[in-house]
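[1] Below are the sequence and a predicted model for it; my questions follow.
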Amino acid sequence: MLFRKKTAPRVYLDWAAATPLLMAAKVAMEPYLKGDFGNPSAIHAEGQVARIAVEEARVMVAKAVQVRPEYITFTSGGTEGNNLSIFGVLESLLLTKVEPSSEGGWWGYGSMTVITTKIEHPSVGEAFAALERRGVRVRYVHVTETGKVDLEHLRTLMDESVVLFSTALINSEIGTIQPTRAIHKILHEAEVRHGTNIFFHLDAAQAPLWVNCQFDALAADLVTLDAAKCCGPKGVGVLIRSRRCSLAPVAHGGGQESGLRPGTENVAGIVGAAIAICKAQEDYQNRAERVQTIRDAAIAHMQTELPQMLLNGPSVSKVSKARLWTQSERVANNINISIPGFDTEFAAVVLDTHGFAVSTKSACSGAGGGVSAVVLETTADPARANATLRITLGPDSTFEQIKSMTSILKKHVDQMSAFIAQ
């Protein structure tokens, strides 16, 4: 195993990729890694201690997001939660719908239409690609240049075959916050018009530290959270579902998690996840307002120092600090820029050697640089999409840190410009 020698303090600016474990979560997890290690499905005392811990964690999360505990399912993270949501809805429909389709023949994959965007996280985008290979009709709604769902285009895609719409509450690359209530209204109008059910799934992995995650506020049927993105342990997620939404398991085995997610529960991870999600939601608005102030000043400074840079995603000028959740179009901690004509993967490596951790795009989109599918879709500019940097702040990030990072980035860009000009 290789260990990086620490020669100077590091500045971590990749909070959209991973977050440090909250001390309170670590402390809560420790008993279930040592003495209370029983299997929560066992009937003996050790097993029942573990079962109680899982159910208490479920109640904690349910209170934080304002749903009944039976509508909380623990998963291995955002990716599994997204897949269980998407495939689980369709598999449930296949099991329960037996009447002939309007096109003739029996109702099946080919009778269903699902809708998403082309700027989703791979755990959603690849799931939809897999559905398409099975014969499901996939429609892609347009997005604006800021990454928001084009509501008028979405309205035109609605017909009686649509069963699911899925998008991210917060885009993991450019930080766009989707107008979920407006989306819900369009879906509901189509349901009434066609007499059907259209389920609304939100990938909210990036959300708990920064926005309101109460279920009713999101106006969705399915919401997936990832503890690793809000100072919880990696490998644990939460799927929240509405009363009207039935799911079928997509993996088969034991009857854990009400039959939806077979396999022995990660007791320590679930306990830590519950603590992290609850702590994240307790003070999300003050945290977001504080970080947003730093972020906005940082963007202004970067634009002065790097006049060739382009800001990707929503403008920060439209944000109202007084009404952060209702009016903000960009999550508080996100800065995504392009420097067309420059190798930003190389720039990220240079910053890393100087102690600054940033990324070029979503970590799950593949290591290293390359084109950002999100920026390409929103800007239609290949040069811009091939030269992105994603800088995501944490609760304790400072303007001085961004200022120092910008100084190094500016020096690198100036050196590369001089080299190109030779």
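    Ah, there it is. Numbers count the residues shown, from 1 in each chain.

[2] What ranges in the stretch 251-400 of the chain fall below the confidence cut-off?
    Applying pLDDT under 70 to the stretch 251-400 of the chain flags the ranges 317-328, 362-369.

[3] where along it do the strands fall?
    Remark: strands assigned in the stretch 251-400 of the chain by DSSP state E, counting those that start in this stretch are 310-311, 334-338, 356-357, 388-392.

[4] Same check on the stretch 101-250 of the chain?
    Going by DSSP E, counting those that start in this stretch, the stretch 101-250 of the chain shows strands at 113-116, 137-140, 162-168, 199-203, 222-226, 237-241.

[5] if we can go back for a sec, pick the most deeply packed of the strands of the stretch 251-400 of the chain.
    Highest mean neighbour count of the strands of the stretch 251-400 of the chain: strand 388-392, a mean of 27 (counted as mean count of other Cβ atoms under 10 Å). (Glycine included, C-beta is placed from N, CA and C.)

[6] Over to Ser85. Which of the three states is it?
    With DSSP: H, G, I helix; E, B strand; the rest coil as the basis, Ser85 sits in helix.

[7] scratch that, Ala42 is what I was asking about
    Put simply, Ala42 is coil when judged by three-state DSSP.

[8] Now do the contacts for it.
    Gln48, Ala50 (Cβ atoms under 8 Å, 6 or more residues apart in numbering).

[9] Distance of it relative to Thr264?
    Between Ala42 and Thr264 the computed distance is 10 Å (Cβ to Cβ, to the nearest Å).

[10] re earlier: the strands of the stretch 101-250 of the chain: which one's closest to Gly255?
    Nearest of the strands of the stretch 101-250 of the chain to Gly255, taken as Cβ to Cβ: strand 237-241 at 16.5 Å.

[11] helices or strands up against that closest one?
    Under the contact definition 3 or more Cβ pairs under 8 Å, 6 or more residues apart in numbering; DSSP states H and E, strand 237-241 sits against strand 72-75, helix 78-96, strand 222-226, helix 267-282.

[12] just the helices in the stretch 101-250 of the chain please.
    122-133, 151-156, 180-194, 215-218 (DSSP state H, counting those that start in this stretch).

[13] buried set for the second one?
    Of the residues in helix 151-156, those scored as buried under the neighbour-count criterion (16 or more other Cβ atoms under 10 Å) are Leu154.

[14] Touching it from outside, list them.
    Against helix 151-156 from outside (Cβ under 8 Å, 6+ apart): Ile115, Val141, His142, Phe165, Pro179, Ala182, Ile183, Ile186, Glu189, Ala190.

[15] Need the helices of the stretch 101-250 of the chain in JSON lines (columns: mean pLDDT).
    JSON lines is the format used below for the helices of the stretch 101-250 of the chain (pLDDT from 0 to 100):
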{"stretch": "helix 122-133", "mean pLDDT": "97"}
{"stretch": "helix 151-156", "mean pLDDT": "98"}
{"stretch": "helix 180-194", "mean pLDDT": "98"}
{"stretch": "helix 215-218", "mean pLDDT": "96"}
